[in-house]
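# The following block contains a protein sequence and its predicted model.
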Amino acid sequence: MAELAMDDLMFRPGLMKGQRILITGGGTGLGKVMAEGCLMLGAEVYICGRRGGVVDAAAKDLTDAHGGKCVGLACDIRVPEAIAEMVDTVWADGGAITGLVNNAAGNFISRTEDLSPRGFDAIANIVFRGSFFVTQECGKRWLAEGKHASVVSILTTWVWHGGPFTVPSAMSKAGLNVMTQSLAVEWGNRGIRFNAIAPGPFPTEGAWARLNPGAGTESEAKDPTVPLDRNGEMRELANLAVYLLDPGSAYVNGQTIAIDGGSHLRGGGGFNRLAAWGDAEWEAARDSIRSTNEKDRAQRTV
Ligand code: HXC
Ligand code: NAP
């Protein structure tokens with residue numbers, strides 16, 4: 001089902017007319033809603049995934065709802081030759097794309113000691129290697145043709161504070177964070193800029209099935225780990241992606257922007273548990289700290 005109405009977007013209609021955007025993993029979840037936002041604003045959109053039926057259905061769904069051009073492409077980004085073929089197809093269909101969203105990913109929770117080499121590769125080959133090869137295939141063409149473009153990679157806030165129980169994903173996303181920073185400098189003066197989005201919790205079927213197995217996507221509309229006390233809304237992510245893809249943000253380069261209601265700041269402080277304290281606990285803590293201070297003071301010799 002299509003997700004957005006024009007009122008959900010903060011941009012003028014037609015903003016992205018003339019733009020051509022490729023979104024990996026655009027047949028579901030966050031990729032699909034970013035595709036929808038771009039399509040609604042007039043861009044031509046290409047979405048890829050391994051399940052041809054899913055991307056085709058998503059493209060139909062979106063064009064039925066909003067008109068315009070959205071094309072589904074079956075492609076496994078773990079296979080460099082398949083990427084080259086897909087990118088050729090897109091270029092042949094109307095020339096260079098103006099924006100790429102590295103959104104495709106795989107993930108599951110697992111104790112790290114339980115991961116097999118194939119389990120590690122299942123994640124790293126999509127996120128770390130696959131996203132690089134898609135970026136490189138597009139980049140080679142942009143550079144050869146002297147075209148300007150914007151690349152937006154979808155990361156997680158784990159790039160800043162790690163991701164226990166999701167280590168292959170956290171490591172791979174951290175690699176893409178460094179790719180973003182590196183290529184922002186290497187290719188910036190040739191008109192290709194790189195930014196990234198680090199979403200907090202946005203309940204999607206794909207993510208929740210692997211990260212909160214057994215829980216429905218509706219089960220956590222309120223999230224106590226998020227300072228704003230809620231999950232992200234799809235339109236909020238779509239607006240940020242459009243901003244970074246559009247030349248209106250042309251001076252933003254090499255940045256990773258969190259859209260997480262502030263949750264990585266709470267996690268980063270390491271004092272999450274204090275949120276559950278009431279007056280009694282704070283009083284006991286204050287007394288305990290005071291008594292330690294007094295003991296220390298009594299021992300001072302200067
Ligand atoms: C341990 C597991 C496992 C699990 C799979 N494996 N699931 N190991 N715990 N839960 C191991 C398998 O045993 C196997 O190793 C290896 O991984 C490959 O498994 P396959 O099923 O053959 O893999 P494949 O078909 O390639 O599927 C890839 C996948 C799958 C990543 C495992 O989940 C997938 O297709 N995901 C795409 C969608 C997705 O994950 N979306 C969520 C994105 S959310 P052995 O050695 O046994 O052969 C996200 C961040 C969210 O990224 C952040 C929220 C805040
Ligand atoms: P999702 O619906 O499962 O999206 C993942 C997409 O990637 C699927 O469409 C999948 O399609 C595609 N994909 C996976 N492997 C691929 C491959 N080898 N080649 C091509 N496409 C592939 O999950 P989501 O929640 O929307 O996640 C989208 C992005 O947001 C991911 O990068 C994820 O890490 C990030 N993210 C999500 C959240 C969240 O809360 N949802 C939070 C932080 C970051 P196929 O299976 O058909 O290939």
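Looks like it arrived, so ask away. Ligands and ions are numbered 1, 2, ... in the order given.
# Flag every residue of the stretch 1-150 of the chain that's near ligand 1.
Within the stretch 1-150 of the chain, the positions lying close to ligand 1 (CB under 6 Å from any ligand atom) are 105, 106, 107, 108, 110, 114, 116, 118, 119, 122, 123. C-beta here means a position set from N, CA and C on the backbone, and glycine is covered the same way.
# Pull out the CA atoms of stretch 120-134 and give them to me as CSV.
Output of stretch 120-134 as CSV, limited to C-alpha atoms (Å, rounded to 0.1, in the frame of the first residue of the first chain):
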residue,chain,number,x,y,z
PHE,A,120,28.5,-12.9,9.1
ASP,A,121,28.8,-12.9,5.3
ALA,A,122,25.0,-12.9,4.8
ILE,A,123,25.0,-9.4,6.4
ALA,A,124,28.3,-8.0,5.3
ASN,A,125,28.0,-9.0,1.7
ILE,A,126,24.8,-7.0,1.3
VAL,A,127,25.5,-4.0,3.5
PHE,A,128,29.2,-3.5,3.3
ARG,A,129,30.3,-4.9,0.0
GLY,A,130,27.0,-4.6,-1.9
SER,A,131,26.5,-0.9,-1.1
PHE,A,132,30.1,-0.1,-2.0
PHE,A,133,29.8,-1.8,-5.4
VAL,A,134,26.5,-0.1,-6.3
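# Might you report the residue contacts of the residue in the stretch 1-150 of the chain that ligand 2 sits nearest to?
Per CB to the nearest ligand atom, residue 29 is where the stretch 1-150 of the chain lies closest to ligand 2, at 2.1 Å. Counting by CB atoms under 8 Å, 6 or more residues apart in numbering, residue 29 touches 202, 204, 205, 206, 207.
# Show me the two of the residues of the stretch 1-150 of the chain next to ligand 1 that sit farthest apart.
For these, the maximum inter-member distance is 20.2 Å, found between 105 and 114 (CB to CB).
# Among the two, which residue is more densely surrounded?
residue 105 (25 against 7; other CB atoms under 10 Å).
# contacting residues for the more buried one?
Counted by CB under 8 Å, 6+ apart, residue 105 has contacts 25, 123, 126, 127, 154, 169.
# Quick check: bridge partners of the most centrally placed residue in the chain?
Ranked by distance to the mean C-alpha position of the chain (CA atoms, centre = their mean), the top residue is residue 154 at 2.3 Å. On the basis of DSSP bridges, residue 154 is bridged to residue 197.
# was I right about it contacting residue 102?
Yes. Under the criterion of CB atoms under 8 Å, residue 154 makes contact with residue 102 at 6.5 Å.
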